[in-house]
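> Sequence and predicted structure, then a few things I'm wondering about:
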Amino acid sequence: MVDMPRKNDEPDVSVIIGAYDAMPYLVRCLESVEAQTIGADRMEIIAVDDGSTDGTGAYLEEFAARSAISTRVVRQENSGGPSGPRNRGLGLARGRYVFFLDADDYFGEEALERMVAMGDRAGTDVVLGKIVGVNRGAAKSMWKETVERADLYSSNIKFTLSAQKLFRRDLLVRLGMSFDEKLKTGEDALFTMEAYLRGNGVSVVADYTCYYLVGREDRNQMTKKGGYARRFDSARALARLIADHVPAGPRRDALMVRPFVITLLPQFGPGLLKQSAEVRERKMALAAPLMEAYWTPGLAHRLKVDERLRLTCVAQGRLDLLLDVLAFLRAKKEPELVRRGAPLRLHLAYPHFGESSVLPDGTYEVTVTEWIGGRRIEPPQRTSRASTARRVVRKARRVLLRALRAPRAHRA
């Protein structure tokens, strides 16, 4: 599918920038938009100043007055989060595509040209451009290769759900999509996952750095703010969205790894040992409905042992066992590798392993690649009874054929 050319003065891309106290980072951000090789005539900027107090709004208006790029500046009272400015900008956008650019961050020069070309060539509704971190970490596993259509269930694109993607605006308008302003964290994950699930495919541009994700020295970033309850709200919303659009089974389990491991699991890391008994109990209570609704053996099988073990303790309401496991992890101990069973199964002997009355051995089984003490540990290849029977039959057939081909004297 090749996209239709743009109409009249319709820009190819609307770059939507929500800005709150973004100086001096905003300067480089806007410079990177002006430097785009796609050209000023193919872009527009919609900048929403969300009640800044540091001169952000004035700088945006100054930029709009001198830039060759059509720029609209909106100034509003502070909304308390990134969703409001993004929704305001989306409502004003005219481009075939929209890109949500954070005011702290900046583009690679060819970013929009490459992403628009990919979207037009592949006919996809979402295009991911390679992201690298500046003074902060950034996910890497999804940038191994450029692909026109990535499989949501088998690829790692589900682990990059930030809003910094190229979205086809027709999809967003047709579905009435917007950022959930009630969520104070994880609102971008909800928005992006819905576009993944309901759109016409996702492309990945991995051979060029399109986006630089900047860690602010003052750490004044919304992603770093908010109490733990907000994380549970985010996990709950994302899990519900996935369940609403994907029937129970392996594909749902594959997607549920994202809210359980990235959003929920960090609430049950070694830091829990330093928190009060009241906070621990509250976290267990907040997690309980999620575990009851969405925790399945298929999901558990997709996790590393320590991840599965911690979440199993949460699912069973065993805070006591969880604290034992967290103490083991905090001490940076290495679990013993235990080989058992026929067919062979590998286990990592974290606390309470072998106490079948507490947790079954399967909780400790290696089912995905693990790294322990610098060693790579792979799960054994499982062989079904049917495949074993087929192998026996093939071997018997080979023996019989060799016997039939042997000289008659040898068979006498």
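Here it is on my side, so go on.

> Please enumerate the helices of this protein.
25-34, 56-66, 83-92, 111-122, 169-175, 187-198, 228-245, 250-257, 277-294, 297-301, 305-315, 319-330, 385-405, 408-411 (DSSP state H).

> Quick check: the gap between residue 381 and residue 345.
Per Cβ to Cβ, to the nearest Å, residue 381 is found 12 Å from residue 345. Every residue, glycine included, has its C-beta placed from N, CA and C.

> Comparing the two, which shows the higher neighbour count?
Between residue 381 and residue 345, counting by other Cβ atoms under 10 Å, residue 345 is the more crowded of the two (18 against 7).

> wait, what's in contact with that one?
Shown in contact with residue 345 (Cβ atoms under 8 Å, 6 or more residues apart in numbering): 339, 361, 365, 366, 380.

> where does the chain have low pLDDT?
For the chain, the stretches with pLDDT under 70 are 1-8, 218-226, 382-396, 398-412.

> Outline the domain layout of it.
Taking automatic domain parsing as the reference, the chain has its domains at 13-218, 228-377, 388-412.

> Let me know which of the ones you listed is tucked in deepest.
Stretch with highest mean neighbour count among the domains of the chain: domain 13-218 (a mean of 19; mean count of other Cβ atoms under 10 Å).

> Could you work out the most separated pair of the contacts of residue 345?
Spatial extent of the contacts of residue 345 (Cβ to Cβ) is set by the pair 361 and 380 at 14.5 Å.

> Give the closest residue to residue 255 in space, chain neighbours not counted.
In space, residue 255 comes closest to residue 242 once its chain neighbours are excluded; the distance is 4.8 Å by Cβ to Cβ, 6 or more residues apart in numbering.

> The one you found and residue 107: what is the separation?
30 Å.

> Likewise for residue 213?
For residue 213, the distance to residue 107 - Cβ to Cβ - is 11 Å.

> Over to residue 230?
As defined by Cβ to Cβ, residue 230 lies at a distance of 29 Å from residue 107.

> Could you do residue 78 as well?
Counting by Cβ to Cβ, the gap from residue 78 to residue 107 is 26 Å.

> for the residue sitting nearest the centre point of the chain, what are its contacts?
By Cα atoms, centre = their mean, the chain has its centre lying nearest to residue 159, at 1.9 Å. Contact analysis of residue 159 by Cβ under 8 Å, 6+ apart lists 139, 141, 142, 258, 262.

> same deal with residue 358?
Going by Cβ under 8 Å, 6+ apart, residue 358 touches 321, 352.

> What of residue 339?
By Cβ under 8 Å, 6+ apart, residue 339 lies in contact with 345, 346, 347.

> got TSV for the residues you listed, with distance to residue 191 too?
Below are those laid out as TSV (distance: Cβ to Cβ, whole Å):
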residue	distance to residue 191
345	41
346	39
347	40
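
> Filter the residues you listed down to just the ones in strands.
345, 346, 347 (DSSP state E).

> From what I see, the last one and residue 359 are in contact.
Meaning residue 347. No. Shown here, residue 347 and residue 359 do not form a contact pair, counting by Cβ atoms under 8 Å, at 11.3 Å.

> which residues does residue 231 contact?
Contacts of residue 231 were listed using Cβ under 8 Å, 6+ apart, and they are 185, 186, 263, 264, 266, 267.

> Then residue 380?
Contacts for residue 380 were tallied using Cβ under 8 Å, 6+ apart; they are 343, 344, 345, 346.

> Distance-wise, check it relative to residue 195.
38 Å.

> Adding distance to residue 375, write the contacts of residue 380 out as TSV.
Compiled in TSV, the contacts of residue 380 are given as follows (distance: Cβ to Cβ, whole Å):
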residue	distance to residue 375
343	22
344	17
345	18
346	12
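
> Which single one of those is nearest to residue 324?
Once Cβ to Cβ is applied, the member of the contacts of residue 380 that ends up nearest residue 324 is residue 346, at 21.6 Å.

> who's in contact with the closest one?
Counting by Cβ under 8 Å, 6+ apart, residue 346 makes contact with 337, 338, 339, 365, 366, 377, 379, 380.

> If it is in a bridge, with which residues?
For residue 346, the beta-bridge partners under DSSP bridges are residue 339.

> Can you tell me the closest non-neighbouring residue to residue 10?
Excluding the flanking residues, the one nearest residue 10 by Cβ to Cβ, 6+ apart is residue 94, at 5.9 Å.

> Same question for residue 364.
In this structure, residue 364 finds its nearest non-sequential neighbour in residue 347, 4.3 Å apart by Cβ to Cβ, 6+ apart.
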